[in-house]
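heads up, no residue letters with this:
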């Protein structure tokens, strides 16, 4: 059984979240806390496997709890945040939270059913997370342009896919890169609204524009595009140029945006001129797509167990033989620059 502590200063939220989780046969809520101070006392006593954490609480807030956990007792945390605190979610992820769930406003919200499903999936995922993420053994140098001439038949597109633990890892990778002569497309498992804020956050942290993808727009070198939550991003060729098309989610889709759909669509068009990176995440989304890119002649990188919060997605790609390189996250920017400089 996965032992969970629910931390929220709202009595209604504590009861509602506990009921949602207790319905799953593999999850049991062992205790709850109404404040950060109470949470720390009970965490020391109960040692839960996963903590669900509200960020906005009087007294010691959720951020203070995260700081204490990181310094004293690393524990997987799923942030359960109201819709008006989206920006705080990314701060929490940078501080060590491994997942988040948007909390609908209103006790009778029709979105409560969706929240229940997402919450259970995220807690199951967080229970397998390894925290804290290892610190790179050496400082990453300031981004610098690729040295030497770029081969005309070299990579023309970079793809990145991730799930649990992905947002801070993607930010570290992109912020360590200089402006590149190719576009970058990112598929991160994330609900609507949050992907636009994620793109805004990345745009402030990088040396090149980062945008939430729009349907039909052409891919421009030197820009990065974030697939929007709730829709799949696929690559199409129109008038001899690559465009992004956004496809609505259907009921049977497990992940949206899907890393597999992005990777598979690009493999059909770019073949050996494609570089794909599969990062941390639960499950196997992206492994099949990375294998298809590998078979088409593209270069494939999987994040190693050394840095992945969850080695599920990259681990499955490694098992399939899809990875040309298996690297910790802090070595991936250098590997991408090397592939851009490498001659055919």
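Arrived safely. Because the structure is a prediction, the values reported are computed rather than measured.

so residue 211, which state does it fall into?
Look at residue 211: counting by DSSP: H, G, I helix; E, B strand; the rest coil, its state is strand.

equivalent analysis for residue 196, please.
helix.

which ones are touching it?
212, 228 (CB atoms under 8 Å, 6 or more residues apart in numbering). Yep, even glycine has a C-beta here, placed from its N, CA and C like the rest.

now do the buried residues in stretch 249-259.
255, 256, 257, 258, 259 (16 or more other CB atoms under 10 Å).

likewise stretch 260-276?
Within stretch 260-276, the residues that qualify as buried by neighbour count (16+ other CB under 10 Å) are 260-267, 270, 273-276.

any idea how far it is from the chain center?
With CA atoms, centre = their mean, to the nearest Å as the basis, stretch 260-276 stands 20 Å off its chain's centre.

touching it from outside, list them.
By CB under 8 Å, 6+ apart, stretch 260-276 touches 153-161, 185, 187, 227, 232-237, 242, 247, 285-290, 292-293, 295-301, 336, 339.

7 Å - rerun?
Contact partners of stretch 260-276, identified using CB atoms under 7 Å, 6 or more residues apart in numbering, comprise 155-159, 161, 185, 187, 227, 232-235, 237, 242, 285-286, 288-290, 292-293, 296-300, 336, 339.

these in strands, which ones?
Counting by DSSP state E, the part of these found in strands is 157-159, 161, 185, 187, 232-235, 237, 242, 299-300.

just the buried ones among those, please.
157-159, 161, 185, 187, 232-235, 242, 299-300.

and residue 127, how many neighbours?
Neighbours of residue 127 under the rule other CB atoms under 10 Å: 21.

roughly how far does it sit from residue 7?
Going from residue 127 to residue 7 by CB to CB, to the nearest Å gives 16 Å.

just residue 224 next, same as before
From residue 224 to residue 7 the distance is 35 Å (CB to CB).

of the two, which one has the most company?
Using other CB under 10 Å as the criterion, residue 224 and residue 7 rank with residue 7 on top: 29 against 24.

before we move on, the earlier item: min pLDDT across the buried ones among the ones in strands among the contacts of stretch 260-276, which one?
Ranked by pLDDT, those bottom out at residue 242 (92).

residue contacts, the spatially most central residue of the chain?
When CA atoms, centre = their mean is applied to the chain, the residue found nearest the centroid is residue 166 (2.7 Å). Applying CB under 7 Å, 6+ apart, we find residue 166 in contact with 188, 279, 280, 281.

rerun at 10 Å
Residues in contact with residue 166 (CB atoms under 10 Å, 6 or more residues apart in numbering) are 93, 160, 186-190, 198, 259, 279-281, 303, 308-310, 313.

could you check stretch 57-66 and say which residues are buried?
Across stretch 57-66, burial judged by 16+ other CB under 10 Å covers 57, 60, 61, 62, 63, 65, 66.

any idea which of the ones in strands among the contacts of stretch 260-276 is closest to residue 49?
Comparing those against residue 49 with CB to CB places residue 161 closest, at 26.8 Å.

now the angle between strand 231-238 and the one helix or strand residue 268 maps to, please.
Taking DSSP states H and E as the definition, one finds residue 268 inside helix 259-270. Counting by axes from the mean of the first three to the mean of the last three CA atoms, to 10 degrees, helix 259-270 points 10 degrees away from the direction of strand 231-238.
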